[in-house]
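J.: Here is my input, please return the structure:
(one chain, ligands or ions: 1)
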Amino acid sequence: MFVAIDAQKRTYNVLHATSKAQLRILRQQTTFFCPVCNEPVRLKIGSHNQPHFAHIRTSNCPEFERESAYHLKGKEKLYQWLHRQKFNVEIEKYIPDIAQRPDLMASKQDVSMAIEYQCSTISCELLVKRTMSYWRQGIRVIWIWGGNQLKRRGSHWLHLSDMQALSVQQSGILYFCPEAMTIMQCTPLIPFSSATAFSHIIPHSLRTSQFSGVMLQQRLDVSTLLNEWNRKKKIWRHHGLYLKHSQSPFLKYLYKKGISPSCFPPEVLIPLPSLIGFHTAPLLWQTHILLEELGCFSTGDTFAASYIYNRLMKMVKIRRLPYLSPALPKKALLEYFQFLCGTGMLAQRDTYTYQKLREPLLPFGETEAYEMDKEVIQHTAALFPTTLLEENRI
Ligand SMILES: [Zn+2]
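T.: You can find the predicted model right below:
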């Protein structure tokens, strides 16, 4: 950390020091303490890293985990970056009402925000608790993950942990690597499974980018999404859904239905704009709708969307997304019905009423399945907005 106190509770910020020589003199004259746990801390003045304070003993203090060289370097670079843009920036400012010390507090004109630069794992409960406590004080909070937390799975795919999903805003997720001096903006996030999502991974160099630039919503390249999605879907079909073990409840389910794992209907595992609302993988909940819920209806039957929604909610897990609308799962379901209307399986009879027109497609073999996938996925393209979505809630 960059801020400590002395025995008289005076505050010292090493980033305000004019030279290392000045800090060395100060170190001889002063005993420093952690402002959070009050344990003694040492002022470290090395040749490689920015001078900083470090707990002398291993500690349970929440600041202790934030003392890695990577974290300190990143925090310093972000501080300078915001400072250059004429933000009024305070580092490790203590907010007594909520007992929080955000890495950075930045304000300019009518914008005021806390920035949490998180380079290590944090429990989901703690992350939500911190976010909510800022909000209760009317403080906007932006989580920026360490670049070391970005787990890429190819040029358009990343690992989306439950922890990181909690920080998703309309503009996506941000990762910052102080070594590359780059903020990676990952947006939009369209989950293929519970932990893997499609995304554009957009680099913003800190040398040339503005804060407002990294918070901008970015347009989705729909054709890239559809191509990438079907490429992955093909791999899943070919490798038995990557769930080779015979204990997989989903494989057992397909077996019971007499469907080979490579020949599940092309109308499932479909990307949708609001898909992130579900934690349950799209393959599972869409199959449930297609084969179980709609399977109960005969051709010509009509049904209300709310009937299916209520039944679906009993079998799926919803993703916790504090920054986004709680209506996302409902929107995703309606998008799925829209998609099925596009394929000719359903017809919309009223705002929330649909009619079943045909049974799902069942390919005879892998080759036919790939062909069907290619055709069917086109019907979801129109669902992705060409204009940008509404503003962030906070
Ligand atoms: Zn401490």
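J.: Low-confidence bits of this structure, can you list those?
T.: Scanning the chain for pLDDT under 70 picks out the ranges 65, 240-247, 386-394.
J.: What residues does it have near the ion?
T.: Within reach of the ion by C-beta under 5 Å from the ion, the chain has these residues: 34, 36-37, 61, 63. (Glycine included, C-beta is placed from N, CA and C.)
J.: In which helix or strand does the residue in the stretch 51-200 of the chain that the ion sits nearest to reside?
T.: Relative to the ion, the nearest point of the stretch 51-200 of the chain is residue 61 (2.9 Å; C-beta to the ion). Applying DSSP states H and E as the criterion places residue 61 outside every helix and strand.
J.: Could you tell me how many residues sit around it?
T.: 18 (other C-beta atoms under 10 Å).
J.: if we can go back for a sec, make JSON lines out of the residues of the chain next to the ion and add secondary structure.
T.: Below are the residues of the chain next to the ion laid out as JSON lines (DSSP: H, G, I helix; E, B strand; the rest coil):
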{"residue": "34", "secondary structure": "coil"}
{"residue": "36", "secondary structure": "coil"}
{"residue": "37", "secondary structure": "coil"}
{"residue": "61", "secondary structure": "coil"}
{"residue": "63", "secondary structure": "coil"}
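J.: for these, which one is nearest residue 220?
T.: Set against residue 220, the nearest of the residues of the chain next to the ion by C-beta to C-beta is residue 63 (39.1 Å).
J.: Spell out which residues sit in contact with that closest one, please.
T.: Applying C-beta atoms under 8 Å, 6 or more residues apart in numbering to residue 63 gives the contacts 1, 34, 36-37, 55, 101.
J.: The same query, at a cut-off of 6 Å, please.
T.: Counting by C-beta atoms under 6 Å, 6 or more residues apart in numbering, residue 63 makes contact with 1, 34, 36.
J.: partner residues bridging residue 146?
T.: Counting by DSSP bridges, residue 146 forms beta bridges with residue 176.
J.: Go ahead and confirm it touches residue 119.
T.: Yes. Between residue 146 and residue 119 there is a contact at 3.1 Å, judged by C-beta atoms under 6 Å.
J.: Name all residues that make contact with the residue nearest the centre of the chain.
T.: In the chain, the C-alpha nearest the mean C-alpha coordinate belongs to residue 165, at 3.3 Å (C-alpha atoms, centre = their mean). Residues in contact with residue 165 (C-beta under 6 Å, 6+ apart) are residue 319.
J.: which ones are touching the residue in the chain sticking out farthest from the centre?
T.: In the chain, the residue that sits farthest from the middle, by C-alpha atoms, centre = their mean, is residue 29; the gap is 46.0 Å. By C-beta under 6 Å, 6+ apart, the contact list for residue 29 is empty.
J.: That one and residue 113: what is the separation?
T.: Residue 29 sits at a distance of 36 Å from residue 113 (criterion: C-beta to C-beta, to the nearest Å).
J.: Which residues does the host helix or strand of residue 312 contact?
T.: Using DSSP H and E, residue 312 falls within helix 305-313. With C-beta under 6 Å, 6+ apart as the test, helix 305-313 has contacts from 293, 333, 352.
J.: Can you mark which positions in that helix are buried?
T.: 305, 308-309, 312 (16 or more other C-beta atoms under 10 Å).
J.: Could you do stretch 30-41 as well?
T.: For stretch 30-41, by 16+ other C-beta under 10 Å, it's 30, 32-36, 41.
J.: Since that was my last question, I'll sign off now.
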